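>>> Give me the fold of what follows.
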Amino acid sequence: MADVSKKWHLGITPGDLNGIGPEVIFSCYKEEEIFNHHVPILYMNTFHFNQLAEIHGFRSDKINLIEKNEAIEEVKLNVKNVNEENFDLKIGQKSANSGKFAIEALNAAIEDVLSGLVHNIVTAPIDKQSIQNEAFNFKGHTDYLAKKFEASNHLMLMVSDEMKIGMVTTHIPLQEVSGALNKEKIQKKAMLLKQSLEEDFLIQNPKIAVLGLNPHSGDEGLMGNEEQEIILPAIRELESDMLVFGPYGSDGFFGAKNYKNFDGILAMYHDQALIPFKMSSFETGVNYTAGLPIVRTSPDHGVAFDIAGKGKADASSFVHSIFLTKTIHVNRLKYFGSKNNPLKKVNLKSEKFNLGLPKI
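Numbers count the residues shown, from 1 in each chain. Okay, the predicted model is just below:
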């Protein structure tokens, strides 16, 4: 099997420059061993890179400041200018300038994906308030990337050695969750979870648990009807196509560690998934967007303005994001075989998504 590591270009977006994103990125690339696995391209202006490297004490002979794509080097942290806007940083604070830059860096990485220069992306955390503008009216990276890559069905999937848990609804108010659920949506998310477990993680015939919405999974209608009217019918129709079980009450499911008996879990809403996930895997968990034609991961934490610039940020989740990206990249190549476009099963509308990934 050919070694894809030297061919694999990873786009890295710094997120909010005033948060802990730059610090955890620098922590990763202080270690020379990490360059054995991919060619990193960091989207950050030289002006800000130099400032942040000084703030975070980043010293390395592995830095390559590039102006042209042809100048990308292996075994170097390639830093690519996004634009020439040299605004002042406000470490640990919200900033409209930093929010605007975060989306411009993300767009630059997406453009390089579409051109074939970059294969996959790891995104450092953004501040969901300061990033909002006319060009970015989304709740986060996931929805924005899904639109950019024309992925009508996508799944926020939290991944660790402990569990893989996706959610039907994500960043919406709790009072809107019930109204946002329907049988078709649950089935689409469950089928995408199954597809991701098979293609991205090479799990054959994955066993999937579906959680209920209400306490004790509704207790047969005593505490809510969503299980009886929506969730259970969705499961019953899926049973002929996949190994799916539930709905389970969340407290007992996680309290008894029943999640260890399943390859994947489908939760109904954000905190139902994220609370048990982060309790078990906060330092090593990864946020993965299933359903995209590329692999996109991010750490499972936010911008953490309260500790930014203080040398307290833990880079573990970011490191795991990098390595999970490569794992899924290689798994997809194995799953689809030696084809010109190993992701061709993804239903895309445009030839621009033929990314020309390396063969194995």
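
>>> And the pLDDT at Ala109?
What the model reports for Ala109 is a pLDDT of 96.

>>> What residues are bridge-paired with the closest residue to it other than its chain neighbours?
In space, and not counting its chain neighbours, Ala109 is closest to Gly11: 3.9 Å by C-beta to C-beta, 6 or more residues apart in numbering. (C-beta placed from N, C-alpha, C; glycine too.) As for beta bridges, Gly11 partners with Ile41, Ile121 under DSSP bridges.

>>> confidence score at the residue of the chain positioned farthest from its centre?
Centroid-distance maximum for the chain: Leu222 at 37.0 Å, with C-alpha atoms, centre = their mean. What the model reports for Leu222 is a pLDDT of 80.

>>> quick one, phi/psi of it?
Leu222 has phi and psi values of phi -70, psi -30 when expressed as degrees, to the nearest 10.

>>> Assign a three-state SS to Val244, would you?
Under DSSP: H, G, I helix; E, B strand; the rest coil, the three-state class of Val244 is strand.

>>> same deal with the one 3 residues further on?
In three-state terms, and counting by three-state DSSP, Pro247 is strand.

>>> what about it, distance to Ser27?
For Pro247, the distance to Ser27 equals 41 Å [C-beta to C-beta, to the nearest Å].

>>> neighbour count winner among those two?
Pro247 (25 against 19; other C-beta atoms under 10 Å).

>>> Verify the stated contact: that one with Leu211.
Yes. Taking contacts as C-beta atoms under 8 Å, Pro247 lies within contact range of Leu211: 6.1 Å.

>>> Which neighbours do the two have in common?
Counting by C-beta atoms under 8 Å, 6 or more residues apart in numbering, the shared contacts of Pro247 and Leu211 are Ser217.

>>> Leaving out the residues flanking it, which one is nearest to Leu181?
Among residues not flanking Leu181 along the chain, Ile230 sits closest, at 5.6 Å (C-beta to C-beta, 6+ apart).

>>> SS state for the one you found?
helix.

>>> if we can go back for a sec, how about the contacts made by the residue farthest from the centre of the chain?
With contacts defined as C-beta under 8 Å, 6+ apart, Leu222 has no neighbours.

>>> Equivalent analysis for Ala151, please.
Counting by C-beta under 8 Å, 6+ apart, Ala151 makes contact with 145, 291-293, 346.

>>> Please apply the same query to Tyr144.
Contacts of Tyr144 (C-beta under 8 Å, 6+ apart): 103, 106, 136, 138.

>>> show me where the stretch 51-200 of the chain has strands.
63-66, 77-80, 120-123, 155-159, 164-167 (DSSP state E, counting those that start in this stretch).

>>> Please identify which of those strands is closest to Gly302.
Nearest to Gly302 among the strands of the stretch 51-200 of the chain is strand 120-123 (12.1 Å), distances taken as C-beta to C-beta.

>>> Just the mean pLDDT for the closest one, thanks.
In this model, strand 120-123 has a mean pLDDT of 96.

>>> Quick check: which helices or strands does that strand pack against?
Judged by 3 or more C-beta pairs under 8 Å, 6 or more residues apart in numbering; DSSP states H and E, strand 120-123 is in contact with strand 9-13, helix 96-115, strand 296-299, helix 316-336.

>>> ok, and which of these has the densest surroundings?
Of all these, strand 296-299 carries the top mean neighbour count, a mean of 27, counting by mean count of other C-beta atoms under 10 Å.

>>> From the chain's centroid, how far away is it?
Here the centre of strand 296-299 is set off from its chain's centre by 3 Å, with C-alpha atoms, centre = their mean, to the nearest Å.

>>> List the neighbouring strands of it plus their orientation.
In its sheet, and by DSSP bridges, strand 296-299 pairs with strand 120-123 (parallel), strand 286-290 (antiparallel).

>>> Much appreciated, bye for now.
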